[in-house]
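Visitor: just to be clear, the model below is a prediction. Sequence and coordinates:
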Amino acid sequence: MKLSTSLLLPALVGAAAALSDASVYIFQRDELPRSSNPPTLTPEQARLVFALRLATSQYHGLGDASESTLSYINRFGGRRGSLFEEDANDTPAELVLIVEGVSSKTAQPLIDELSTIMPAFAISKAPSMTANKKLVSDINQQCGQGKKNCALQDAINPFDVSCWNGNSKIIHFDLIKEKNGIAELMSAKQRLIRFANKGEMNVVVVLMPESSRSAKSPLNPYGRYEKVSQSPIGRRQAEEPMIDGVFTSPASRNKQVMTTNSSDNSTAEPVEPITGVPPLCHSSHDACVSATNNCSGHGACYKKYGNAKDVGDAPSACFTCGCTPTNNTFTYAGGKKKGFTLDYWGGSACQKKDVSSPFWLITIFSVVLIIVVGWAIGLLFSIGEEKLPGVIGAGVSSKTR
């Protein structure tokens with residue numbers, strides 16, 4: 001008696017889920033080439049792939065990486081944006097979802113749906129749940145994501161600013177702990193696929209087998225890497241803007257920026273202009289001052305949100321620039337009189353001058369001038385097309401013979 005294909009595939013997937021390996025599926029608009037024999041990566045190699053996709057590779061050194069490790073990183077690490085891309089907003093968000101406790105008993109509907117899809121790769125000897133939760137917590141800190149208790153439907157939505165801070169995130173979801181875990185996950189899966197098909201978010205789903213939940217794993221199954229609290233301050237400030245991938249740190253990053261209080265009449269030293277697109281949030285006040293050149297001298301760094309006890313380097317703290325208008329003094333009437341104008345500033349580092357008022361003034365004046373000139377030309381044409389009165393012709397006498 002032969003089993004049909006429809007029964008054989010779910011049986012194979014269910015058997016694979018019962019093994020110690022974890023299956024990894026990647027959903028994105030540009031589909032990866034599928035292989036009939038997906039490669040098996042070590043947990044450390046998988047971590048390097050996740051770090052590259054989530055733009056936190058500065059915390060994960062390659063060390064003496066083998067050729068196979070580098071090939072896996074280049075193959076599954078996602079698309080690297082160019083430093084010369086004009087619009088960084090077109091870059092899709094990146095999400096890694098680690099699903100804990102997958103078995104034929106807890107996730108049969110999910111296993112049935114994924115039975116026709118080959119995983120991108122597998123993770124050998126899947127780490128325990130404790131190791132997975134620790135990795136998720138550490139990478140979220142590297143991404144700038146705070147500890148937010150969001151429902152799965154909200155946590156996977158990259159447009160929900162209450163649950164997302166930045167463009168990348170990693171989530172740990174426990175099927176056994178959640179009351180309606182499989183139903184919630186199946187609903188989230190459809191939404192994740194829609195995000196991927198629209199190119200709004202690239203999704204990596206890691207299915208951890210239930211057998212690895214409490215399995216004994218090595219002390220550091222994912223290998224060693226730097227945490228946000230462990231990395232040196234100088235390196236953290238220099239590499240933090242690289243999270244967005246499009247920010248170029250100024251050459252004077254390590255120079256001390258002289259600032260003045262509002263009550264001081266002294267003038268600050270000129271700072272070099274910020275190039276690129278700095279991130280909106282920084283982990284500490286010092287990181288904000290260093291990365292933005294003290295808000296380009298046009299404002300000051302302040303804590304946008306975070307707990308009152310957070311004094312910096314806390315995952316829930318966000319320090320950003322508050323821009324203030326500056327006086328621009330000028331003289332007129334032969335230098336006898338003085339005047340001033342207020343310059344307003346914007347941008348994540350207060351590096352952009354607000355030119356909306358002159359823009360609208362010039363635009364409105366130009367539009368009005370074009371309308372007036374067009375109306376005058378039309379009036380001249382309408383007068384020229386009018387017929388001359390007959391009285392002019394009556395006063396002309398005919399030529400005498």
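Guide: Noted; the coordinates are in hand. Residues are numbered from 1 along each chain as shown.
Visitor: quick check, Ala46 in contact with Asp21.
Guide: No. Look at Ala46 against Asp21 with C-beta atoms under 8 Å: they stay out of range, at 11.0 Å. No exception for glycine: its C-beta is placed from N, CA and C like everyone else's.
Visitor: who's more crowded, those two?
Guide: Taking other C-beta atoms under 10 Å, Ala46 and Asp21 do not tie; Ala46 has more neighbours (27 against 21).
Visitor: excluding chain neighbours, what is closest to that one?
Guide: Ile123 (4.9 Å; C-beta to C-beta, 6 or more residues apart in numbering).
Visitor: got a list of what that neighbour touches?
Guide: 21-22, 24, 40-43, 46, 206 (C-beta atoms under 8 Å, 6 or more residues apart in numbering).
Visitor: can you put these in JSON lines and add pLDDT and secondary structure?
Guide: As requested, the contacts of Ile123 are exported to JSON lines (pLDDT from 0 to 100; DSSP: H, G, I helix; E, B strand; the rest coil):
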{"residue": "Asp21", "pLDDT": "89", "secondary structure": "coil"}
{"residue": "Ala22", "pLDDT": "92", "secondary structure": "strand"}
{"residue": "Val24", "pLDDT": "93", "secondary structure": "strand"}
{"residue": "Thr40", "pLDDT": "93", "secondary structure": "strand"}
{"residue": "Leu41", "pLDDT": "94", "secondary structure": "strand"}
{"residue": "Thr42", "pLDDT": "93", "secondary structure": "coil"}
{"residue": "Pro43", "pLDDT": "93", "secondary structure": "helix"}
{"residue": "Ala46", "pLDDT": "94", "secondary structure": "helix"}
{"residue": "Val206", "pLDDT": "94", "secondary structure": "strand"}
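Visitor: select only the buried ones of those residues in ChimeraX?
Guide: Applying 16 or more other C-beta atoms under 10 Å to the contacts of Ile123 leaves a buried subset, and the ChimeraX line that selects it is:
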select :21,22,24,41,42,43,46,206
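Visitor: out of the contacts of Ile123, who's nearest Trp360?
Guide: For the contacts of Ile123, the closest approach to Trp360 (C-beta to C-beta) belongs to Val206, at 51.2 Å.
Visitor: surely that closest one and Glu100 touch.
Guide: No. Using C-beta under 8 Å, Val206 is not in contact with Glu100; the gap is 9.2 Å.
Visitor: count of residues packed around Thr341?
Guide: 10.
Visitor: ok, it to Asn327 distance?
Guide: 8 Å (C-beta to C-beta, to the nearest Å).
Visitor: Ser211 too?
Guide: Taken as C-beta to C-beta, the span from Ser211 to Asn327 is 68 Å.
Visitor: between the two, who's got more neighbours?
Guide: Ser211 (16 against 8).
Visitor: helix, strand or coil for that one?
Guide: The three-state assignment at Ser211 reads helix, by DSSP: H, G, I helix; E, B strand; the rest coil.
Visitor: excluding its backbone neighbours, what's nearest it?
Guide: That would be Ser20: by C-beta to C-beta, 6+ apart, it lies 6.0 Å from Ser211.
Visitor: quick one: the one you found and Ala215 touch, right?
Guide: Yes. Between Ser20 and Ala215 there is a contact under C-beta under 8 Å: 7.3 Å.
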